[in-house]
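Engineer: predicted model and sequence follow; I will ask about them next.
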Amino acid sequence: MSEIRVNNIVNEAGTGAPQLTYGASVPVGYGITGAGDINITGTISASSVSVNGGSAIPGINTSGTSEFTNVQVGGALTVTGNAVITGNLQVDGTQTILNTTSLEIEDLKKKDKENELMAEKKVEKEDKRIEEIFNNLFQK
């Protein structure tokens, strides 16, 4: 196996980075380090992402669709666009604030309708009872 020892690798013109036509493979136990940015237009696949030097990733900027699984946020989470949740949503805490002009909750609507019908039946039943008492009082 051959070994290359150099301080810098540049493109053929000497004006930029070389193209890795067939990609690059980093052996287990080693990494790619540097102080610059990483710009990728394709897909990034990783079993985990770790950011050293802070408790949060300063910014994840994506365009198009991004998929994250098992994301844990230790502080506040702000979503500036629409958030679509296709699975279950669990909210734990002592306070839940909804600042919205429109709120639709399907089960609550159903329960409200059921409660409304039960209340109407109860009123009808009480009306009949009052009518019976009234009739009994004045028919004697």
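Structural biologist: Arrived safely. Keep in mind that this is a model prediction, so the values were computed, not measured.
Engineer: what sits up against stretch 129-136?
Structural biologist: Counting contacts by Cβ atoms under 8 Å, 6 or more residues apart in numbering, no residue outside stretch 129-136 touches it. Just so you know, the C-beta spots here come from the backbone N, C-alpha and C atoms, and that holds for glycine as well.
Engineer: could you check how many residues crowd around residue 25?
Structural biologist: 6 (other Cβ atoms under 10 Å).
Engineer: distance of it from residue 5?
Structural biologist: To residue 5, residue 25 is 19 Å away according to Cβ to Cβ, to the nearest Å.
Engineer: helices of this structure, start to end?
Structural biologist: For the chain, applying DSSP state H gives helices covering 106-138.
Engineer: at which residues are the strands of it located?
Structural biologist: Using DSSP state E, the chain contains no strands.
Engineer: run through it and note the low-pLDDT ranges.
Structural biologist: Residues of the chain that meet the criterion pLDDT under 70 lie in 48-66, 108-112, 140.
Engineer: relative to residue 131, how far out is residue 137?
Structural biologist: 11 Å.
Engineer: check residue 22 too.
Structural biologist: When residue 22 is compared with residue 131 (using Cβ to Cβ), they lie 91 Å apart.
Engineer: higher neighbour count, the two?
Structural biologist: residue 131 (10 against 6).
Engineer: ok, that one to residue 21 distance?
Structural biologist: Residue 131 is 92 Å from residue 21, by Cβ to Cβ.
Engineer: could you do residue 83 as well?
Structural biologist: Relative to residue 21, and taking Cβ to Cβ, residue 83 is found at 40 Å.
Engineer: who has more neighbours out of these two?
Structural biologist: Neighbour totals were compared for residue 83 and residue 21, and residue 83 leads with 8 against 5 (other Cβ under 10 Å).
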